[in-house]
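Trainee: what shape does this take:
(chains A, B, C, D, E and F)
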Protein chains: 4
Amino acid sequence: MARPRSDDKRSAIIAAAIRVIASEGLGAATATIAKEAGVSNGSLFTYFETKADLMNQLYLDLKAEMAATALEGLPTKSSIRKQMQYAWSHWLRWATSSPEKRRTLAQLAVSDDITPASHQAASNAFAGIRELLERSRENGPMRAAPLAFVASLMNALAEAATDFMIRDPANAEEHSKAAFNALWRMIA
Amino acid sequence: MARPRSDDKRSAIIAAAIRVIASEGLGAATATIAKEAGVSNGSLFTYFETKADLMNQLYLDLKAEMAATALEGLPTKSSIRKQMQYAWSHWLRWATSSPEKRRTLAQLAVSDDITPASHQAASNAFAGIRELLERSRENGPMRAAPLAFVASLMNALAEAATDFMIRDPANAEEHSKAAFNALWRMIA
Amino acid sequence: MARPRSDDKRSAIIAAAIRVIASEGLGAATATIAKEAGVSNGSLFTYFETKADLMNQLYLDLKAEMAATALEGLPTKSSIRKQMQYAWSHWLRWATSSPEKRRTLAQLAVSDDITPASHQAASNAFAGIRELLERSRENGPMRAAPLAFVASLMNALAEAATDFMIRDPANAEEHSKAAFNALWRMIA
Amino acid sequence: MARPRSDDKRSAIIAAAIRVIASEGLGAATATIAKEAGVSNGSLFTYFETKADLMNQLYLDLKAEMAATALEGLPTKSSIRKQMQYAWSHWLRWATSSPEKRRTLAQLAVSDDITPASHQAASNAFAGIRELLERSRENGPMRAAPLAFVASLMNALAEAATDFMIRDPANAEEHSKAAFNALWRMIA
DNA sequence: GATGAATGAGTATTCATTCAT
DNA sequence: AATGAATGAATACTCATTCAT
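Mentor: Here you go, the predicted structure:
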């Protein structure tokens, strides 16, 4: 319970959890995750106090990675539409090309183990994207709606589009664009 | 000649499952559900072969009720936009006013216990709504996209809107309309 | 619980029990036996008060059939050796040619459900054979041993021989004779 | 580095199983065995993967102990008859003086849980005794019979004799000798 | 008498977490 | 800090028996 020493081990556990939860669901045993990480089951609990704690940290890690990927290399000089489109396509590309992370994230998102605080923190990680969204819709038909509402719709669109891109990878790029255009029609 | 199997008991178990799962999640014990239904734990298994069977039937019941509510009293003589709006508002009203059913349905929708066959059957229950959607988008910008993709977007929008209506009930009607308008902008 | 009406049903249950226990062991559910007999599970209990009661009656029926088969047509005018050999071969033939009955009987014989009274009654059914045995050994080396001891040895020999005949049916007759000769060497 | 698995605990569970099964039969609950062994019910499963696994190991342990006892201190310089008699009397003495072990072994021997592999392994433990038997019968009337058949008869005799010795302990030694003489008449 | 639904005690096994080594 | 054995609560499902129809 003292400060754990090895960041490698923490990472190994997180990575193992992604793989195991993707294939076995949230019911996966901590012992299974530990073994997959090459760590003893006891050690898992020196890096994460409880299973729920592991879940919450995993959730945050994944959300943060997702947001960072979306904004990495953002062409801040371009038009807001271009920037939004850039973020959108990177976001969906990440989700599409990391199927285990996405599956695991999807399960965590609906889990009762994730605390409101974690949901809040995850939302903060999306601040950059929310800002983009704010500027995108500021002259559009949803300019008066609560931003959280619009964000929720955007998120839902991204989820649905990703599902479809995974199910029909041949036309993934096309689906991504179609969904972005739909988004733009909605808000701008 | 023996005591006949009672529809009341089946309903009681289904209703109890809705309540219990809404508050305890899918991990709820069958014994808890049975007790809540006023039935012995053994009896639960004469009405549902396994816990998974109960989950699947519950899922179908809820999906069917949702679709039926959306289409009940549909003004088939009105314009397609009016019809869609009618279905949309009934759909969201049902979801909003049955929070336990909605919570439970949300959990079931992502559960591994729900078989592909059940998902298929649930989809069939939505045939009427899908038809409305087809006619709604037939001249719009998404006329060439796979219907399933559009349906998925519509569903995601409905989910997001419902979440928001529940969190902010004072403006529920407004949110419903805003979401509908967003939908219409997207597809028509 | 009143006197049951139909002997047919009793027989059907007994016969079903033989088949089911032979294949599923003593743990077989009464419901399974009832279904195999074409009777409702409730009815089974009007013919046999408890499962243990069914087991005991089944045990007795099988033991009695076994003894009767061994002695049927006994050549009472022949030498005692001839008579014993006749009973022996009929006994083993029955065991060999009724594998389900034998399997079931073997399981019942070691079951805790069979009461001492039933074991006693089964022993009585073997009175005829025991008498043969008494006359067989009356001048032999075991003439002073308790008859029950000799009977026990004879029974053990018959069991072992039967096992072997079933495992090696091509030489069944030979094994039967070899075992009989061994028996005769032992007692006469 | 962690607490090592304790042989004492394994032994305690095995010993507890012997006692519990002797008195309650094979249906005995694993929890009962664990409690009798002074171990948590969970721990039982760190020493034995399943209940069936426990049964199989128990069966082997008992069979091995039985065979070892029979052959311990065998006077290999004596005549074959003397050697056989020595093994026979030690065998029956063990069976007689360990009634719980014997009861339990008898139940296990007919259990469906015991795998063919275990029966095979148990048979291997009896190799020494089988060898004695081979030399005992090599010039006798059963010299041409399959050894396995003769072994089966010998085993059946031993079982029957043991039963009788337990039921009539006052004359145990006498019964043992009578049975041995009967065996010798049979095979030598 | 016949039926089969109702009952609820009973059981192997799993798993998060703790703790001796 | 690391290990993995120890713990014991928790859970789906079965089954002999009873009883309403």
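Trainee: how does chain A divide into domains?
Mentor: A:1-49, A:60-187 (automatic domain parsing).
Trainee: quick one: contacts for the residue in chain A positioned nearest to chain B?
Mentor: Of all residues in chain A, the one sitting closest to chain B is A:Ala156 (3.6 Å; Cβ to the nearest Cβ). The C-beta positions use only the backbone N, C-alpha and C, and glycine is treated the same way. Residues near A:Ala156 by Cβ atoms under 8 Å, 6 or more residues apart in numbering or on different chains: B:156-157, B:159-160.
Trainee: with pLDDT added, can I get those in TSV?
Mentor: Shown next, in TSV, are those (pLDDT from 0 to 100):
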residue	pLDDT
B:Ala156	85
B:Leu157	89
B:Glu159	89
B:Ala160	88
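Trainee: closest to C:Thr30 out of those?
Mentor: Closest approach to C:Thr30 among the contacts of A:Ala156 (Cβ to Cβ): B:Glu159, at 49.6 Å.
Trainee: which outside residues touch stretch A:69-83?
Mentor: Stretch A:69-83 is contacted from outside by A:86-88, A:90-91, A:93-94, A:128-129, A:132, A:135-136, A:184, A:188, using Cβ under 8 Å, 6+ apart.
Trainee: my read: A:Asp163 touches B:Asn155, true?
Mentor: No: under the criterion of Cβ atoms under 8 Å, A:Asp163 is not in contact with B:Asn155, lying 10.4 Å apart.
Trainee: contacts only, for A:Ala28.
Mentor: A:17, A:20-21.
Trainee: returning to that earlier point: for the domains of chain A, which one sits closest to D:Ala151?
Mentor: Smallest distance to D:Ala151 across these (Cβ to Cβ): 45.9 Å, for domain A:1-49.
Trainee: distance from that closest one to the middle of the chain?
Mentor: Put simply, domain A:1-49 sits 20 Å off its chain's centre (Cα atoms, centre = their mean, to the nearest Å).
Trainee: same thing with stretch A:53-71?
Mentor: 6 Å.
Trainee: only the buried residues of it, if you could.
Mentor: With burial defined by 16 or more other Cβ atoms under 10 Å in any protein chain shown, the residues of stretch A:53-71 counted as buried are A:54-63, A:66-67, A:69-71.
Trainee: low-confidence ranges in chain A?
Mentor: Within chain A, the segments meeting pLDDT under 70 span A:1-5.
Trainee: residues in it within reach of chain B, list them.
Mentor: By the criterion of Cβ under 8 Å from any Cβ of the partner chain, the positions of chain A lying close to chain B are A:25, A:106-107, A:110, A:112, A:141-142, A:145-146, A:148-149, A:152-153, A:155-157, A:159-161, A:163-164, A:168, A:175, A:178-179, A:181-182, A:185-187.
Trainee: sitting in helices, which of the residues you listed do you find?
Mentor: A:106-107, A:148-149, A:152-153, A:155-157, A:159-161, A:163-164, A:175, A:178-179, A:181-182, A:185-187 (DSSP state H).
Trainee: any quick ChimeraX command for the buried ones out of those?
Mentor: Here is the ChimeraX command that picks out the buried ones among these, judged by 16+ other Cβ under 10 Å:
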select /A:106,107,149,152,153,155,156,157,159,160,161,163,164,175,178,179,182,185,186,187
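Trainee: neighbours of A:Asp168, just the number please.
Mentor: Using other Cβ atoms under 10 Å in any protein chain shown, A:Asp168 has 14 neighbouring residues.
Trainee: how close does A:Asn56 get to chain D?
Mentor: 27 Å (Cβ to the nearest Cβ, to the nearest Å).
Trainee: wait, that residue sits on A:Asp112?
Mentor: No: look at A:Asn56 against A:Asp112 with Cβ under 8 Å: they stay out of range, at 11.5 Å.
Trainee: ok, now which ones touch the residue positioned nearest the centre of chain A?
Mentor: Nearest to the mean C-alpha position of chain A, by Cα atoms, centre = their mean, lies A:Lys63 at 3.5 Å. Remark: with contacts taken as Cβ under 8 Å, 6+ apart, A:Lys63 is in contact with A:105, A:122, A:125-126.
Trainee: my guess is A:Leu58 contacts A:Leu108, does it?
Mentor: Yes: A:Leu58 is within contact range of A:Leu108, at 6.6 Å (criterion: Cβ under 8 Å).
Trainee: what sits in contact with each of the two?
Mentor: Common neighbours of A:Leu58 and A:Leu108 are listed as A:Ile21 (criterion: Cβ under 8 Å, 6+ apart).
Trainee: count of residues packed around A:Asn171?
Mentor: 15.
Trainee: and the residue nearest to it when sequence neighbours are not counted, how far from A:Ala95?
Mentor: Counting by Cβ to Cβ, 6 or more residues apart in numbering or on different chains, A:Asn171 lies nearest to A:Met165, which is 8.0 Å off, once chain neighbours are set aside. Here the criterion is Cβ to Cβ, to the nearest Å. By it, A:Met165 lies 8 Å from A:Ala95.
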